[in-house]
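In: what follows is a predicted structure for the sequence shown.
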2 protein chains.
Amino acid sequence: MSSQEIFAVILAGGSGTRFWPASRRLRPKQLLPLGPSAPQSLIAATVDRLRGLVDEEHVLISTGAHLVEQTQKELPGLKPVAYLAEPQAKNTAPCIAWAAAAIARKNPDAIVCVLPSDQHAQDAAGFVTTLKEAARSAATGSITTIGIVPTRPETGYGYIEKGESLSDSSFRVRRFEEKPDLPKAEQFCASGNYLWNAGIFVFRARDMLSAVEQHLPKVHGALGRLQAAWDSAEVSDEEAVAAFFESCDSISIDYGVMEKRSDLSVVPGDFGWSDLGSWESAWELSERDQQGNAAPLGTILVDAKNNLVEDLTTQTSKKVIALVGVEDLCVVETDDALLVMPRSQSQEVRTVVERLKESKRDNLI
Amino acid sequence: MSSQEIFAVILAGGSGTRFWPASRRLRPKQLLPLGPSAPQSLIAATVDRLRGLVDEEHVLISTGAHLVEQTQKELPGLKPVAYLAEPQAKNTAPCIAWAAAAIARKNPDAIVCVLPSDQHAQDAAGFVTTLKEAARSAATGSITTIGIVPTRPETGYGYIEKGESLSDSSFRVRRFEEKPDLPKAEQFCASGNYLWNAGIFVFRARDMLSAVEQHLPKVHGALGRLQAAWDSAEVSDEEAVAAFFESCDSISIDYGVMEKRSDLSVVPGDFGWSDLGSWESAWELSERDQQGNAAPLGTILVDAKNNLVEDLTTQTSKKVIALVGVEDLCVVETDDALLVMPRSQSQEVRTVVERLKESKRDNLI
């Protein structure tokens, strides 16, 4: 790899409901201390993992304008200029294009790593090694994605089929596959040719701008007007960004760019990755006692097995939580809500959020 | 029944742990709004049930000295003179003897109804009718107990065997039976001759004093000194009571008096009685929705069946509680504790209390 500058763009716009009652509109998943990152938030752990690869002043946080303040609290080391505040949610393609343009203004050859803000990597060193390999691939001019080596026939993720080998660590991307059904997922795992799509992309800024020009002409046009505004003194930065997002359609980078190209590369990664998709995966990743309970110190556990207890209340004096004779439960408490649910039904949390919406209890969402 | 005065002595000294985390040393079961009595406490419901039979100024509350203040809060209608404050717990015989002596001083022919403070009677009118029948029996000079017509072969209660019929509503007591094993309990139920011992006793004050003289000479001697103190101005009431309890052994009225007599009467009662012995029975008695959940309004229930949710927190702004996909659970929340447990394991709450004792978390007991 040459001595190219490396930037990280951390996508922190999510508004997940799968971690209710911990996650809320103004406190989405990446701001929570879930799983092994606790007491650090997931986004703080994400930034920490980049140390040694990306200088702190090269870290950009792309988030919703309404989330900037809360996000800054979790990342006290970053300066306000690190924030790309989306005035409206238009999925990932517009904000990645915007980030690429902003970085290209400084250095069109800079390597850009686009990373979700809410994932976990057990092996942080392995993560950095893989990212370095992806950066090396991107430096050759190929937009590169990291594909996670599957550990189970998961039906909740998209897959990437590997093509020909390009180097000792990278492959051509043959095809992106939607979330498969179980037989297909089992086949993918058995074949050894498929990787999970983790939403991690690495590219030179100039290459992403070319790809946007080719596949997303509307975004490219809006980007041109944004760049013109940057070069003039007539429009404020805020107005220019607002106009840019107003002009863009809502579209993902996967659908808008990646799936349309035949020259992508993929670097397989095996670093204990998890997307921390639900309370179930928070339990899986948490430290557990001999009975399989992940619970705060002081919890009273009588014949209790394989439970997840999360006390996310903010009072200094904590309640004692006692679990008697229960198994495989999630018990999650916040200042204004308590959730009790079998771990296996973690996906059903969204039903609770729907009920709250229906009954207009917006303060709880 | 003649126009005899009727007094009620309500035994409110218990320090049950079976309703932890709601029940505590300073907030025992009778002070809680459990089951259908809510939002009234059990002791307030007990006093209310006596309306029309016992004048309010004839209601005496026998409780531990440390519980008087909390109890008075639950019974704002009663004057401070209504309280018999036990300086130390010596089981039921000493305090019933003391109450009988205090009432006999005013009227030795007065009828005294001794009642636990923490029971439930679904049919309040039926309860009063039965108590009137017991008072009629007691007026003949026979210490009378109310026996509950069993509805199931319960192994958790003592039983009373009926003997010969004495009137249209009363029988001689043939024998008191300890808590039986299941085959014996089934046999008791099938025979039709056995009743549950609910700890409700009715007698003339003078008859109890005679019985104490005959069976509990030590208590009787102490009572003599107490009465002498009442008649003199040399000892304060408080000192005299302290000396009385100091002199008495700890002994129950059942063991000390009832089981030793052959002239007792029993009046069968069938008024939806429950001793509310655990969270399980609180659920049984509570109003439930079509899915069998007893939960506060506003609880979010998704595929949840037959659960008990008790929110006994004192904040004005309540948490939302969401139960997803769980069955047969108790979820009990107070300001400083949360309990999650299958209803069927309600007896195991005492294990939690033991653990708290072991770890010296006395503020939670």
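Out: It's in. The shown structure was predicted, so the numbers you read here are calculated from the model rather than taken from an experiment. Numbering: from 1, shown residues only, chains lettered A, B, ... in the order given.
In: could you measure from A:Q187 over to A:V68?
Out: Going from A:Q187 to A:V68 by C-beta to C-beta, to the nearest Å gives 44 Å. From N, CA and C alone the C-beta is placed, and that goes for glycine too.
In: compare the two and say which is more crowded by neighbours.
Out: A:V68 (17 against 12; other C-beta atoms under 10 Å in any protein chain shown).
In: the more buried one contacts A:Y83, correct?
Out: Yes - contact between A:V68 and A:Y83 holds when scored by C-beta atoms under 8 Å: they sit 5.3 Å apart.
In: in stretch A:231-251, what counts as buried?
Out: A:V235, A:A240, A:V241, A:A242, A:A243, A:F244, A:F245, A:S247, A:C248, A:I251 (16 or more other C-beta atoms under 10 Å in any protein chain shown).
In: now, which of those lie within helices?
Out: A:A240, A:V241, A:A242, A:A243, A:F244, A:F245, A:S247 (DSSP state H).
In: chain B: which of those is nearest?
Out: Using C-beta to the nearest C-beta, A:F245 comes nearest to chain B of those, at 34.0 Å.
In: ok, that closest one touching A:N91?
Out: No - look at A:F245 against A:N91 with C-beta under 8 Å: they stay out of range, at 10.9 Å.
In: what are the bridge partners for the residue nearest the centre of chain A, then?
Out: With distances taken as C-alpha atoms, centre = their mean, A:P116 lies nearest the centre of chain A, 2.2 Å away. Using DSSP bridges, the bridge partners assigned to A:P116 are A:L11.
In: please report the distance of A:D123 from B:E154.
Out: For A:D123, the distance to B:E154 (C-beta to C-beta) stands at 59 Å.
In: higher neighbour count, these two?
Out: A direct count of neighbours by other C-beta under 10 Å for A:D123 and B:E154 places B:E154 higher, at 18 against 14.
In: tell me the SS of the more buried one?
Out: Following DSSP: H, G, I helix; E, B strand; the rest coil, B:E154 is assigned to coil.
In: contact partners for it?
Out: B:A185, B:W196 (C-beta atoms under 8 Å, 6 or more residues apart in numbering or on different chains).
In: show me what counts as buried in stretch A:74-84.
Out: Applying 16+ other C-beta under 10 Å to stretch A:74-84 flags A:E74, A:L75, A:L78, A:A82, A:Y83, A:L84 as buried.
In: looking at those, which are in strands?
Out: A:Y83, A:L84 (DSSP state E).
In: hang on, the residue nearest to the centre of chain A packs against A:G199?
Out: Yes - the criterion here is C-beta under 8 Å, and A:P116 meets it with A:G199 at 5.0 Å.
In: list the contacts for A:V353?
Out: Counting by C-beta under 8 Å, 6+ apart, A:V353 has contacts A:T17, A:W20, A:I365.
In: mind checking the SS state of the residue nearest to the last one when sequence neighbours are not counted?
Out: Meaning A:I365. Leaving out its chain neighbours, the residue that sits closest to A:I365 by C-beta to C-beta, 6 or more residues apart in numbering or on different chains is A:L356, at 5.3 Å. Look at A:L356: counting by three-state DSSP, its state is helix.
In: check the gap between A:L356 and A:R18 for me.
Out: Taking C-beta to C-beta, one finds A:L356 at 14 Å from A:R18.
In: name the element A:G292 belongs to?
Out: A:G292 belongs to no helix or strand when assigned by DSSP states H and E.
In: A:A304 is in contact with that one, correct?
Out: No - using C-beta under 8 Å, A:G292 makes no contact with A:A304, being 9.1 Å away.
In: higher neighbour count, those two?
Out: Counting neighbours by other C-beta under 10 Å for A:G292 and for A:A304 shows that A:A304 has the greater number, 25 against 14.
In: for the more buried one, what are its contacts?
Out: By C-beta under 8 Å, 6+ apart, the neighbours of A:A304 are A:Q291, A:N293, A:L323, A:V324, A:G325, A:V326, A:E327.
In: cross these against strands and list the overlap.
Out: Per DSSP E, the contacts of A:A304 map to strands at A:L323, A:V324.
In: secondary structure element for A:F176?
Out: According to DSSP H and E, A:F176 maps onto strand A:171-177.
In: centre of the chain to the very next helix or strand once past that strand, how far?
Out: Once strand A:171-177 ends, the next helix or strand along the chain (criterion: DSSP H and E) is helix A:182-191. Its chain's C-alpha centre and that of helix A:182-191 lie 25 Å apart, by C-alpha atoms, centre = their mean, to the nearest Å.
In: also compute the angle for helix A:182-191 relative to strand A:171-177, please.
Out: 170 degrees (axes from the mean of the first three to the mean of the last three C-alpha atoms, to 10 degrees).
In: what is the subsequent helix or strand relative to helix A:182-191?
Out: The C-terminal neighbour of helix A:182-191 among helices and strands, as given by DSSP H and E, is strand A:194-204.
In: got any ranges where chain A has weak pLDDT?
Out: A:1-3 (pLDDT under 70).
In: residues from it in reach of chain B?
Out: Chain A comes close to chain B at residues A:21, A:300, A:302-303, A:317, A:319-326, A:329, A:331, A:333, A:335-342, A:345, A:348-349, A:351-352, A:355-356, A:361, A:364, as judged by C-beta under 8 Å from any C-beta of the partner chain.
In: may I see the PyMOL selection of the buried members of those residues?
Out: Those of the residues of chain A next to chain B that count as buried under 16+ other C-beta under 10 Å are selected in PyMOL with:
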select buried, chain A and resi 21+300+302+319+320+321+322+323+324+325+326+329+331+333+337+338+339+340+341+342+345+348+349+351+352+355+356+364
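In: of the residues of chain A next to chain B, which belong to helices?
Out: A:V349, A:T351, A:V352, A:R355, A:L356.
In: okay if I get the residues you listed as a markdown table plus distance to A:I143?
Out: What follows is these, written out as a markdown table (distance: C-beta to C-beta, whole Å):
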| residue | distance to A:I143 |
| --- | --- |
| A:V349 | 35 |
| A:T351 | 38 |
| A:V352 | 39 |
| A:R355 | 42 |
| A:L356 | 40 |
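In: tell me what angle the strand holding A:F176 forms with strand A:194-204.
Out: 120 degrees.
In: what do A:P116 and A:G199 both touch?
Out: What both A:P116 and A:G199 touch, as defined by C-beta under 8 Å, 6+ apart, is the set A:L11.
In: can you show me the strands along the stretch 251-365 of chain A?
Out: A:265-269, A:273-274, A:300-302, A:308-311, A:320-324, A:329-333, A:337-342 (DSSP state E, counting those that start in this stretch).
In: give me the sheet partners of the last one and which way each runs.
Out: So that's strand A:337-342. Here, using DSSP bridges, strand A:337-342 pairs with strand A:329-333 (antiparallel), strand B:320-324 (parallel).
In: in a markdown table: these, plus distance to A:A135.
Out: Formatted as a markdown table, the strands paired with strand A:337-342 follow (distance: least, C-beta to C-beta, whole Å):
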| stretch | distance to A:A135 |
| --- | --- |
| strand A:329-333 | 38 |
| strand B:320-324 | 43 |
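In: which one, of those strands, ends up nearest to A:S167?
Out: strand A:329-333 (43.4 Å; C-beta to C-beta).
In: can you list the buried residues in stretch A:179-199?
Out: Buried-residue list, stretch A:179-199, by 16+ other C-beta under 10 Å: A:P180, A:K184, A:A185, A:F188, A:C189, A:Y194, A:L195, A:W196, A:N197, A:A198, A:G199.
In: between these, which is closest to chain B?
Out: A:A185 (24.5 Å).
In: next, the residue nearest to that closest one when sequence neighbours are not counted: phi, psi?
Out: Leaving aside its sequence neighbours, A:A185 sits nearest to A:P153 (C-beta to C-beta, 6+ apart; 3.8 Å). Phi and psi for A:P153, reported as degrees, to the nearest 10, are phi -80, psi 70.
In: and if you look at the one 4 residues further on?
Out: Reported as degrees, to the nearest 10, the phi and psi values for A:Y157 are phi -120, psi 160.
In: ok, it to chain B distance?
Out: Here the criterion is C-beta to the nearest C-beta, to the nearest Å. By it, A:Y157 lies 24 Å from chain B.
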